[in-house]
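Chemist: A structural model of the following input is requested.
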Amino acid sequence: MLTHTYDTPKAPERVVVIGANGFVGSTIVSELTKAGIPVRGLTRKEVDLLSSEGAQRLLAELKPTDAVVFVSAIAPAKNSDQMIANLHMAQTALRAFAAVPPAHLLYISSDAVYADDANPVTERSPLAPSTTHGMMHAARELMFKSDGKSPFVALRPTLIYGANDPHSGYGPNRFRRQAASGEPITLFGEGEEQRDHVAVEDVARLAVRILQHRSVGALNAVTGVATSFADIARLVADNFDPAAVVKPLPRTQPRPHLLHRFFDITECYKAFANFHFERLADGLARVHREAAAQAEGAGELRRSA
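Modeler: Numbers count the residues shown, from 1 in each chain. Model (predicted):
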């Protein structure tokens, strides 16, 4: 659940985004800038949270009036080594926060913290992760909440898509890249798994609203609409002219244990009654246009070099 400190939105004096060079972090920086909120983006170049000097370097960047967005992570955390490295990053940040507690701390977490069989998922669902990635986020949430001294909130996005996503995980981003390369879009089995996907811009817009209300607690960044991967593939394919080919492939492994995931987004609309998520079909069409424009711009640069 989410509780607002300010019923009327009030801009933070400044927001420090730790992990500002990443897919989600850079989008949050952009949305804060659009909202006219002063922002200081920190990348690994300025503050390496895995170095021995990480805490001191972060401390030098902080002011007591800062709100902080912590989005820096090795993600996805696919194994125990990566999980431990991520926990070390959070521990380093907490050392700095002990000296200069942020006025507000927003952690970008993940819906992977929930149990696989929690359907529909709400903010009250038990945290029972089944992966090292989910365990990492759950542990980080606990660390920031129990060891920190700041008003704390966790924003838990589901599967995120966007034009600048560097990952090629199964779903919209991989499908678009396959089609753009002239390859067929490949599905596991019939692509029957139903999942919720959220535009990275919507995650960032929720983050800005949370910061403006100095909200505490937890909120799922989800649309409430689950769509099969087969339907997502067809939506992506139809953005190409001619439409890309969608090709189901025989499964070489059993179907995933988390076959479907559904969300109840009542708490989101209680917190932000006038917030509207972008429809998946509209978001995928917009991302297609943005990615095509980026590819055209890159091609022009290469030709002029």
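Chemist: where do the strands of the stretch 151-300 of the chain begin and end?
Modeler: All strands of the stretch 151-300 of the chain, identified by DSSP state E, counting those that start in this stretch, fall at 152-157, 159-161, 185-188, 194-199, 216-221, 226-228, 246-249.
Chemist: could I get the ones you listed as JSON lines with mean pLDDT?
Modeler: Output for the strands of the stretch 151-300 of the chain, formatted as JSON lines (pLDDT from 0 to 100):
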{"stretch": "strand 152-157", "mean pLDDT": "98"}
{"stretch": "strand 159-161", "mean pLDDT": "96"}
{"stretch": "strand 185-188", "mean pLDDT": "96"}
{"stretch": "strand 194-199", "mean pLDDT": "97"}
{"stretch": "strand 216-221", "mean pLDDT": "98"}
{"stretch": "strand 226-228", "mean pLDDT": "97"}
{"stretch": "strand 246-249", "mean pLDDT": "96"}
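Chemist: any stretches of the chain with poor pLDDT?
Modeler: 257, 298-305 (pLDDT under 70).
Chemist: what angle separates the top helix by length along it from strand 194-199?
Modeler: Looking across the chain with DSSP state H, the single longest helix is helix 280-304. Per axes from the mean of the first three to the mean of the last three C-alpha atoms, to 10 degrees, the angle that helix 280-304 makes with strand 194-199 is 50 degrees.
Chemist: can you map out the helices along the stretch 1-150 of the chain?
Modeler: Secondary structure of the stretch 1-150 of the chain (DSSP state H, counting those that start in this stretch): helices at 23-34, 54-61, 80-99, 132-147.
Chemist: next, the angle from the first one to strand 152-157.
Modeler: Read that as helix 23-34. Between the axes of helix 23-34 and strand 152-157, defined by the same axes, to 10 degrees, the angle is 110 degrees.
Chemist: helix 23-34: how far from the chain's middle?
Modeler: 12 Å (C-alpha atoms, centre = their mean, to the nearest Å).
Chemist: any buried residues in it, and which?
Modeler: Buried residues in helix 23-34, counted by 16 or more other C-beta atoms under 10 Å: Phe23, Val24, Gly25, Ser26, Thr27, Ile28, Val29, Ser30, Glu31, Leu32. For every residue, glycine as well, the C-beta is placed using N, CA and C.
Chemist: what's the angle from that helix to strand 216-221?
Modeler: 110 degrees.
Chemist: please apply the same query to the longest one.
Modeler: Computed with the same axes, to 10 degrees, the direction of helix 80-99 lies at 140 degrees from that of strand 216-221.
Chemist: what about the closest residue in space to Met135 that isn't next to it in sequence, how many residues nearby?
Modeler: Leaving aside its sequence neighbours, Met135 sits nearest to Pro129 (C-beta to C-beta, 6 or more residues apart in numbering; 4.6 Å). Pro129: 19 surrounding residues under other C-beta atoms under 10 Å.
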